[in-house]
Structures are given as structure tokens and as C-alpha cells.
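Novice: The amino acid sequence is not available; the structure is as follows:
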Ligand SMILES: Nc1ncnc2c1ncn2[C@@H]1O[C@H](COP(=O)(O)OP(=O)(O)OP(=O)(O)O)[C@@H](O)[C@H]1O
């Protein structure tokens, strides 16, 4: 649905060149929620703005719903953009217009007749749970409600793709949760493909099917969230489950065990201790709810060196657990 190939964007600022997006490839499948996670300055906003050509890349290709956006003429690009909605951290509402007026605005720009507009606005406000606030002005509603207006406005052109630029960064945790739940609901009900950028792991945990980690303009890791969490060496897993440092003791082996789904419900530590008649020392761990499922990681110390532990590790792996010997 969204394909980004060899994308590059360099800003030139007072003689200085800043490579904001550096040779990025990314594929977002139809109907998924895809998150780009990274710190401030990583290049996330620039990347997102290249997807609807608010920012023109220096090189590369952006294909949305089969259309090569950089090859489109002015009118074609305007039409293609109507099929790509966008929401922003600071909502970007018109303060002089009511909630309904804000949602009607893109419909006016598209030339939708007045009678049809009213009906569509009502439908959109209903979709985001704001039917009762049509006549309010932005100053009279909460941040979460403002973002709901932003979402309704972004969906006016019946887009298949929604771009989200840190949509929950200005909201408190509870409101963030309700906006993320709304986005997930719209993604499922409308088959909407969502590409979002965020610096919050919470957003990835709650709604992303896939994620890419961005640093210094580059993607360092990308894939389905569940796969990355159990992939050996994954940066996402390391960030989500920070484990305490350990000083390896001679004659013991430290192992990180990642568990998810069914394997999260089994008492594998006590089973291992019983099966092999050993003491297992738990050094640290964390369990998180990711995409509605329990995922966790535990750092344990087993007696003996690598050879003595080979059968024990095989026993853990046979239960579907991901096992890595800590360096
Ligand atoms: N218009 C611009 N002119 C010059 N440099 C820019 C411009 N916009 C962004 N940059 C630079 O490009 C790099 C990437 O910025 P970008 O805003 O895309 O990152 P980000 O990950 O979205 O960070 P943030 O969350 O802080 O916005 C940064 O070094 C930034 O200073």
C-alpha cells in the first residue's frame, strides 16, 4: 500500500547540509498500523511528510496505493493527496470555526455540495464520538476532543491511508489511550492503513502491527512487532525490556528468555529447575502487554558453563521460548 524506496532528503540551512532521511526503504502493508519510532531529530517527521509530498525528497520513490507520487502532475497529486489523511500533534484546527466547520473545511475544498457536506460531517463526527459537540469551538473542547476533530477532518476524503505525526504527544496518558483505541477501531472498521511516527514506546505497544526504528535518518530495524520482540539482538526488545547489567560469574551462564503468547502462561523457570535438578537464579525481568498479548523477558543465571547448559537451553527452546546467552 505504501512503498518507500531509497528515500533521501537533505536540508540546506545557511550553507550546512543536514541529511534528515538517508536512503530509507519501507513497506507498509494494506490495513496495518505501522509505527516509526525514534528520538527527536531522527528524521521521522521528514519521512512522514515525504509520504504525501508536503516535503519533496531529493531522491527515491514513494508509492501509495500503486501510484508513484513523484510522477504525478499537479491535479493528479491533489487528488491522490485527498486519499491520504493526516493528523498532527497540535491538531491544527481553525479556531474561528466550530467543530462541524472544521470537519466541513476539506469537503468545501474538494467542492462537495453543501447538502451532501452536512450529512457527511454528521457521519464523520459520529464516527469519532463527537456528534454532541458539532457547534462547539476548538477553545471549548479538550485536547483529546480536538484530536478527534482532527481525525474526523482527516477522514473527510474517505482516505485509505492515514498519516499520524505524533498525534498523541500532547495528550495525557488516559487521553492517549482513548485516541489510540479510536485509531485502532478506525483501522479495523474502515480497513484504514495507518502510518504513524512517535517517540513513545507506549504507542508501539498499544496499536502497532509493525514498527521501524529510526536513528540519524536511517532505519535500523523493521518488521512485525511480535517478531522483533522475540528476535535475538532486537533493539526494540532491548528498549521495551531493559534488563539489569550482570557481571558474569565463573562457572555460570546468564541467559535471556523471551516469552509470548501461550509460552507466557507456563511456569518455565520452576519446570526447568525441577527437570534438571538445578537452582535457577532470576536476575531481572519485565512483562508487558503488547498488542493485547502478554510478552516478557527474563534474565536468569544457570549453574555451569555452556556445555553443561546445552540440554537445558534446548529444553527451553522446545517450549517455543526465545533463548539468548547474554554476552
Ligand atoms: N526545514 C528544515 N531545515 C533545516 N533542517 C531541518 C528542517 N526540518 C528538519 N530539519 C533537521 O532534520 C533532522 C530531522 O528532523 P525531523 O523533524 O524530521 O526529525 P524528527 O525525528 O521528526 O524529530 P522531532 O520529533 O523533534 O520533530 C533534524 O536534524 C532537524 O534539525
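Specialist: Thanks, I have it. Nothing here was measured: the structure is a model prediction, and the numbers come from that model. Numbers count the residues shown, from 1 in each chain.
Novice: tell me the secondary structure for the spatially most central residue of the chain?
Specialist: Nearest to the geometric centre of the chain sits residue 35, at 2.2 Å (Cα atoms, centre = their mean). Put simply, residue 35 is strand when judged by DSSP: H, G, I helix; E, B strand; the rest coil.
Novice: Report the separation between it and the ligand.
Specialist: 13 Å (Cβ to the nearest ligand atom, to the nearest Å). Just so you know, the C-beta spots here come from the backbone N, C-alpha and C atoms, and that holds for glycine as well.
Novice: Quick check: chain neighbours aside, which residue is closest to that residue?
Specialist: With sequence-adjacent residues excluded and distances taken as Cβ to Cβ, 6 or more residues apart in numbering, residue 35 is closest to residue 208, at 3.8 Å.
Novice: list the contacts for the one you found?
Specialist: By Cβ atoms under 8 Å, 6 or more residues apart in numbering, the contact set of residue 208 is 33, 34, 35, 196, 225, 291.
Novice: Make JSON lines out of those and add pLDDT.
Specialist: Converted to JSON lines, the contacts of residue 208 look like this (pLDDT from 0 to 100):
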{"residue": "33", "pLDDT": "97"}
{"residue": "34", "pLDDT": "98"}
{"residue": "35", "pLDDT": "97"}
{"residue": "196", "pLDDT": "98"}
{"residue": "225", "pLDDT": "93"}
{"residue": "291", "pLDDT": "81"}
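Novice: The residue nearest to the centre of the chain pairs with what?
Specialist: Here residue 35 sits in beta bridges with residue 196, residue 211, going by DSSP bridges.
Novice: With residue 59 instead?
Specialist: Applying DSSP bridges, one finds that residue 59 bridges with residue 8.
Novice: mind listing what it touches?
Specialist: 6, 7, 8.
Novice: ok, of the residues you listed, which come out buried?
Specialist: 7, 8 (16 or more other Cβ atoms under 10 Å).
Novice: wait, which of the contacts of residue 59 is closest to residue 212?
Specialist: residue 7 (12.2 Å; Cβ to Cβ).
Novice: number of nearby residues for the nearest residue to the closest one once chain neighbours are set aside?
Specialist: Distance criterion Cβ to Cβ, 6+ apart; nearest residue to residue 7, sequence neighbours excluded, is residue 60 at 3.6 Å. Residues within reach of residue 60, counting by other Cβ atoms under 10 Å, total 17.
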